[in-house]
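Q: I would like the atomic coordinates for the input below:
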Amino acid sequence: MTTDERALVGADRLAAQFEARRPRMRAVAYRMLGSRDDADDAVQETWFRLQTVDPNSLDNLGGWLTTVISRVCLDRLRRRQTRPEGPLPGDDHFGTSPSPTSDSGDPVEHVLNTESLGAALLVVLESLGPAERVAFVLHDMFAVPFDELATIVERSPDAARQLASRARRRVQRSAPSAHVDLPRHRAAVEAFLRAARAGDFDALMQVLDPGVAMRVDTTAQRMGALRPRQGAAELGATFSGGAQAAHLAIIDGVVGLVWAPRGDIRGVTEFTVVDGRITTVYVTGEPERLRALDILLLRESD
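A: Numbers count the residues shown, from 1 in each chain. The predicted structure follows:
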């Protein structure tokens, strides 16, 4: 066998090994990035980087691939902080996890096929910082040891452990109730916010249930013009052209809106969504109630 023939056989073997690991890499990237397309792009970038490496220098191909794809995802998450890009929960890419193509018995199979770790969790993961998200996904979902995790996030093993622990606490605090379809709930709240800001009364009628009711606590009533309302037409007239200062947030595990002038949260609006339509709007301004809520601001879709 010539040198070129041996090189070709080696390249084919490396490609086969890469393909065998593709489902796991795609699962890791999807959990970090929240988008199938972004996950596939990250896997492809990892493949391109593998082409530049001498296969004989790779003592642990699986570990190398996990490290590289994690760093690719970490870079993308950091870029999102300064320049929002890519889809968010509620778009066509955000739903069930990508289906695995391997029956190897890897624990990733369980992660990919468990609905409770699907779209709803990805909404919560969006509230984490890039390094926290990478640490949580790799350690808690894919059992990557802290010493390996440390090299990926460029921290000490102790610092990597703290990142994962902090992320775990935030995820547990913000875990949505099992009966809430969180992605669909968020889609309704976003549609409401867009229509209200744009003054689009017809769009508000599409997202509001005909019998929708708005409840407003005493503190919130004193702060503004909101009053209890009943029916889609009344709420549509109330909110059309409003909500300019509202921001999307996870409020006790469910997506809602906050009013936070100068960064100080003064009120929250929570929603009940049934079959994709808003049936109840709760507006709260009572300080003690606000302090008891776990609130995490979300990045809004473009």
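
Q: and the longest helix for this structure?
A: Secondary structure of the chain per DSSP state H: the longest helix is helix 3-33.

Q: mean confidence score for it?
A: Mean per-residue pLDDT for helix 3-33: 77.

Q: tell me which residues in that helix are buried?
A: Across helix 3-33, burial judged by 16 or more other C-beta atoms under 10 Å covers 14, 18, 21-33. Backbone N, C-alpha and C define where each C-beta goes, glycine included.

Q: so where's the protein uncertain?
A: 1-10, 81-124, 173-179, 225, 299-302 (pLDDT under 70).

Q: can you pull out the helices in it?
A: 3-33, 36-50, 61-82, 108-113, 119-125, 130-136, 142, 146-153, 157-174, 182-198, 201-207, 218-223, 232-239, 287-292.

Q: Ok, which of those helices comes nearest Ala260?
A: helix 287-292 (10.3 Å; C-beta to C-beta).

Q: Could you report the neighbour count for Leu182?
A: Neighbours of Leu182 under the rule other C-beta atoms under 10 Å: 24.

Q: An error on my part: the question was meant for Arg133.
A: 23.

Q: Name the nearest residue to it, sequence neighbours excluded.
A: In space, and not counting its chain neighbours, Arg133 is closest to Leu125: 5.5 Å by C-beta to C-beta, 6 or more residues apart in numbering.

Q: gap between that neighbour and Pro210?
A: Separation of Leu125 from Pro210 (C-beta to C-beta, to the nearest Å): 35 Å.

Q: out of the two, which sits in the busier spot?
A: Leu125 (22 against 10).

Q: OK, contacts around the more buried one?
A: Arg31, Gly34, Arg133, Phe136, Val137, Val171 (C-beta atoms under 8 Å, 6 or more residues apart in numbering).

Q: The second one is in contact with Ser127, isn't it?
A: No - under the criterion of C-beta atoms under 8 Å, Gly34 lies out of contact with Ser127, with a separation of 11.6 Å.

Q: higher neighbour count, those two?
A: Remark: of Gly34 and Ser127, Gly34 carries more neighbours, 24 against 20, as counted by other C-beta under 10 Å.

Q: For the more buried one, grab phi and psi.
A: Backbone torsions of Gly34, given as degrees, to the nearest 10, read phi 70, psi 20.

Q: What distance do you get for it to Val189?
A: Relative to Val189, Gly34 is positioned 17 Å away (C-beta to C-beta).

Q: Equivalent analysis for Val255, please.
A: Remark: distance between Val255 and Val189 (C-beta to C-beta) = 5 Å.

Q: just Asp202 next, same as before
A: Counting by C-beta to C-beta - Asp202 and Val189 are separated by 18 Å.

Q: Show the contacting residues for Ile265.
A: Contacts of Ile265 by C-beta under 8 Å, 6+ apart are Val258, Trp259, Leu290, Ile295.

Q: 7 Å instead, please
A: Remark: with contacts taken as C-beta atoms under 7 Å, 6 or more residues apart in numbering, Ile265 is in contact with Val258, Leu290, Ile295.

Q: In TSV, list these along with neighbour count and distance to Arg161.
A: Below are those laid out as TSV (neighbours: other C-beta atoms under 10 Å; distance: C-beta to C-beta, whole Å):
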residue	neighbour count	distance to Arg161
Val258	23	32
Leu290	17	32
Ile295	18	26
